[in-house]
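Engineer: sequence and computational prediction follow.
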Amino acid sequence: MGKANWGHTGEWELKMVFDRSLCHVPEGTIIEEKNIRCMGDVIFSDKSHIKRGIMSEGRVFMGEFVELEGDIIAIGDIRVDKGGKIQGNITGDADIFIGERSIIAGEIIVGKNLDIGEGVELDPKAIDSRGRINIRNPISVIDYILLYLMELLRRNDSTEVENFFKEIEEGDEEKILISQNFTYFPRGSKIGDTIEINGDMKIGHDCQIVGDLKVKGDLDMESEVQVFGDLETTGNLLIGENVIINGNILSEGDITIHHAARITGNIRGLNINTTPDTIIDGTLKGEDGIRIMPEGETSVEDRMERFEKGVDEMEGMI
């Protein structure tokens, strides 16, 4: 749970710790029919299955045993953890790291350095690297250290020997800071014609999503979002102002729709709260009731709920 307090300017300030169960889609993200376009870092947690390509202005992190049926293109580093399966090409302007026992079906184009783990399946002829290529052989760590030190001593390079021992003492545990504008899909996410999320989901301002959404939890949608597909949630659904949903909405919880939204399909939930200027082409069915909120009404509870689910500042690490 994050901390909330009033700053010296009187504005509401919030700091949240990274929540691994919350799917976070930040402002301006575009999830097209074939690609996911992101402005910051992109993180897919373990055992996710993506049937679309990834295009990022930041870095891309793929967890263990992630399958991707598309290309990866990123300006920053690209990291594929062990057991990953990439059926398309990987293109990065920075470093690329391929974890052990991963399978890369397409080309790898590297702007800087390429690091390949043991047991990786790929075509060596399909690698284009402007930097060094490091292939981690299945040799034991002790043997590797001895061979490496023997080579350094043979070259009489005392500086490199000292640096090597410093690296060994520090260990190889790496902490990676994630940018504030990040996209995160939790463990087991499935992104095909239908986007399936095992947990809560937050969609930021001015996002565009093509495909049906199935969320096993609450769905919080900011303003100016466009969705071309049906929405289905097991929890509550919060729809911001000027949102356009080209599909049906089904929720096992409460549904709140703010001003000037446009829904082309049917809406079904427990309690449905909407506004007079919302346009709904289909039918409304509220199991426990339907309420039209008066013009200009502000829901403090809804705003607090947004704050509690928001990730305004990234304090965690992966």
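Structural biologist: In hand now; what should we look at?
Engineer: what about the most centrally placed residue in the chain, distance to Glu64?
Structural biologist: With distances taken as CA atoms, centre = their mean, the chain has Tyr184 as the residue nearest its mean C-alpha position (2.2 Å). As judged by CB to CB, to the nearest Å, Tyr184 and Glu64 stand 16 Å apart. Glycine gets a C-beta too; all of them are placed from N, C-alpha and C.
Engineer: same deal with Gly247?
Structural biologist: 33 Å.
Engineer: also Glu118?
Structural biologist: For Glu118, the distance to Glu64 - CB to CB - is 15 Å.
Engineer: neighbour count winner among these two?
Structural biologist: Applying other CB atoms under 10 Å to Glu118 and Glu64 shows that Glu64 carries more neighbours, namely 17 against 13.
Engineer: surely the more buried one is within a helix?
Structural biologist: No: under DSSP: H, G, I helix; E, B strand; the rest coil, Glu64 sits outside any helix and is assigned coil.
Engineer: ok, it touching Val80?
Structural biologist: No: using CB atoms under 8 Å as the test, Glu64 is too far from Val80 to be in contact (9.6 Å).
Engineer: can you get me a residue count around Gly106?
Structural biologist: Gly106: 17 neighbours (other CB under 10 Å).
Engineer: contacts for stretch 249-263, please.
Structural biologist: Residues outside stretch 249-263 that contact it (CB atoms under 8 Å, 6 or more residues apart in numbering): 218, 223, 230-245, 265-275, 277-282, 286, 299, 302.
Engineer: show me what contacts Asn266?
Structural biologist: Asn248, Ile249, Gly282, Thr283, Leu284, Lys285.
Engineer: ok, and the most crowded of those residues?
Structural biologist: Of these, with other CB under 10 Å as the count, Ile249 tops at 26 neighbours.
Engineer: show me the beta-bridge partners of that one.
Structural biologist: Leu231, Ile267 (DSSP bridges).
Engineer: can you report how many residues lie near Ile103?
Structural biologist: Residues near Ile103, counting by other CB under 10 Å, number 16.
Engineer: for Gly84, see how far away it is.
Structural biologist: From Ile103 to Gly84 the distance is 7 Å (CB to CB).
Engineer: overlap of the contact sets of these two?
Structural biologist: By CB under 8 Å, 6+ apart, no residue touches both Ile103 and Gly84.
Engineer: across the sheet, point out what pairs with His49.
Structural biologist: Here His49, judged by DSSP bridges, has bridge partners Glu67, Lys190.
Engineer: my guess is it meets Lys190, correct?
Structural biologist: Yes: assessed by CB under 8 Å, His49 is found in contact with Lys190 at 5.0 Å.
Engineer: would you map the helices across the stretch 101-250 of the chain?
Structural biologist: Using DSSP state H, counting those that start in this stretch, the helices of the stretch 101-250 of the chain run over 141-154, 158-170.
Engineer: show the average pLDDT along the last one.
Structural biologist: Here the mean pLDDT over helix 158-170 is 55, rounded to a whole number.
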